[in-house]
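Asker: for reference, the sequence and a predicted model appear below.
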Amino acid sequence: MKTRITELLNIEYPIIQGGMAWVADHNLAAAVSNAGGLGIIAAANAPCEVVRDMIRKCREMTDKPFGVNIMLMSPYAKDIASLVIEERVAVVTTGAGNPGIFINAFKEAGIKVIPVVASVAHAKLMEREGADAIIAEGTEAGGHIGESTTMTLVPQVSDVVSIPVIAAGGIADGRGMAAAFLLGAEGVQIGTRFVASEEANVHENYKNRVVSAKDIDSAVTGRTHGHPVRCLRNQMTRDYIKLENSGKTFEELEYLTLGSLRKAVQDGDTKTGTVMAGQIAGLIRDIKPCSDIVKEMTYECERLLKL
Ligand code: TUI
């Protein structure tokens with residue numbers, strides 16, 4: 001399936017894996033790249049040495065291109081930017097901020113830069129500053145989110161930028177992928193569907209929580225603090241939302257979220273841990289290999305678009 005995204009990234013299918021903190025390690029990234037998509041290693045809040053190790057391991061597991069996601073709120077974001085240049089990573093995606101100050105250095109190093117945006121204004125700015133493509137992420141997504149839905153954001157971004165647009169948020173099958181293409185996207189970023197993959201190095205409790213989720217099972221914590229994060233409802237989200245509605249500050253509630261994503265992903269504590277996932281979790285019913293996810297999604301999308 002050829003689009004400007006497959007050409008730009010030198011991949012077989014226009015599917016990019018989301019840069020999910022604690023989930024998107026070298027195992028998942030290599031599996032998605034080997035399946036013909038673009039695997040992504042999430043730097044998240046990890047220090048340089050941890051990310052360097054994942055990049056090197058990923059290189060041993062695949063000879064296909066893969067990328068690194070830089071989470072711009074991380075205290076190590078600047079160091080990770082230098083690291084990806086040093087390691088000559090093929091592609092960088094960014095999230096949770098404005099990567100403007102790094103774009104020139106990435107481009108000089110021949111790295112393709114694809115910022116995640118949650119608004120039209122940010123998309124326009126990123127194009128002006130030299131981004132190679134844009135990921136327009138709707139509020140259906142898991143983790144740190146913006147306000148607009150994928151349905152409204154993707155066509156509005158597609159109308160005002162000439163670089164290719166990748167749709168994200170709420171896509172987990174070929175129907176969602178086809179819909180995104182009809183809205184103007186030339187690729188999709190997939191997160192939650194890859195959490196429920198065989199290769200994701202994620203505790204089985206977390207995967208099973210995604211697989212058993214219903215359509216209305218996600219909640220957004222931190223809205224009142226300006227740090228909205230979508231995760232599956234549990235004791236943590238109930239406590240957090242109750243306390244934030246009673247006026248507790250971001251700092252006062254940090255004890256509920258510190259280390260809580262790791263606790264869910266690695267220890268399988270899906271009750272008091274943070275189970276980040278998108279609204280499309282309700283559609284996901286099984287755990288399967290990344291290659292099946294990529295191939296089935298693309299096949300279904302092509303079939304629908306040819307109707
Ligand atoms: O970044 C994400 N999703 C994430 S990052 C993350 S790590 C985390 N862990 C614990 C608590 C909180 C975060 C988990 N999920 N998605 C990409 C994304 N970026 N969504 C929205 C944005 C965004 C929002 C505002 C990008 C830019 C922006 O403002 C631009 C500016 O100029 O600052």
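Answerer: Nice, thanks for sending it over. Numbering: from 1, shown residues only.
Asker: touching, Asp217 and Ile284? I think so.
Answerer: No. Shown here, Asp217 and Ile284 do not form a contact pair, counting by C-beta atoms under 8 Å, at 11.3 Å. The C-beta positions use only the backbone N, C-alpha and C, and glycine is treated the same way.
Asker: now do the residue of the stretch 201-307 of the chain found nearest the ligand against Asp269, distance only.
Answerer: Nearest residue of the stretch 201-307 of the chain to the ligand (C-beta to the nearest ligand atom) works out as Val229 at 4.9 Å. Noted for Val229: a distance of 17 Å to Asp269, by C-beta to C-beta, to the nearest Å.
Asker: what's the distance between the nearest residue to Arg4 once chain neighbours are set aside and Phe181?
Answerer: Nearest residue to Arg4, sequence neighbours excluded (C-beta to C-beta, 6 or more residues apart in numbering): Pro164, at 4.1 Å. As judged by C-beta to C-beta, Pro164 and Phe181 stand 11 Å apart.
Asker: over to Val84?
Answerer: 29 Å.
Asker: neighbour count winner among these two?
Answerer: Val84 (25 against 21; other C-beta atoms under 10 Å).
Asker: now do the SS call for the more buried one.
Answerer: helix (DSSP: H, G, I helix; E, B strand; the rest coil).
Asker: can you pull the contacts of it?
Answerer: 55, 68, 70, 92, 106, 111 (C-beta atoms under 8 Å, 6 or more residues apart in numbering).
Asker: doesn't Val92 make contact with the fifth one?
Answerer: Yes. Under the criterion of C-beta under 8 Å, Phe106 is in contact with Val92, at a separation of 5.7 Å.
Asker: residues shared between the contacts of those two?
Answerer: Common neighbours of Phe106 and Val92 (C-beta under 8 Å, 6+ apart) are 81, 84, 112-113.
Asker: looking at these, spot the one nearest the ligand.
Answerer: Among these, and counting by C-beta to the nearest ligand atom, the member closest to the ligand is Val113, at 13.9 Å.
Asker: let me know the helix or strand that the closest one is in.
Answerer: strand 112-117 (DSSP states H and E).
Asker: where do the helices sit along the protein?
Answerer: 4-9, 26-34, 48-61, 77-86, 100-108, 120-128, 150-160, 174-182, 192-195, 204-212, 235-245, 250-257, 260-267, 290-305 (DSSP state H).
Asker: can you say which of these is packed in most?
Answerer: Counting by mean count of other C-beta atoms under 10 Å, helix 192-195 has the highest mean neighbour count of these, with a mean of 28.
Asker: packing partners of that helix?
Answerer: helix 204-212, helix 290-305 (3 or more C-beta pairs under 8 Å, 6 or more residues apart in numbering; DSSP states H and E).
Asker: do it and the ligand come into contact?
Answerer: No. Judged by C-beta under 6 Å from any ligand atom, helix 192-195 and the ligand are separated, with a smallest distance of 11.6 Å.
Asker: strands paired with the strand holding Val113, and their directions?
Answerer: strand 91-95 (parallel), strand 134-137 (parallel) (DSSP bridges).
Asker: between that strand and helix 150-160, how many degrees?
Answerer: Per axes from the mean of the first three to the mean of the last three C-alpha atoms, to 10 degrees, the angle that strand 112-117 makes with helix 150-160 is 130 degrees.
Asker: and the residue of the stretch 101-250 of the chain found nearest the ligand, how far is that from Ala42?
Answerer: Across the stretch 101-250 of the chain, the shortest distance to the ligand (C-beta to the nearest ligand atom) belongs to Gly143, at 2.3 Å. As for Gly143, its distance to Ala42 is 10 Å (criterion: C-beta to C-beta).
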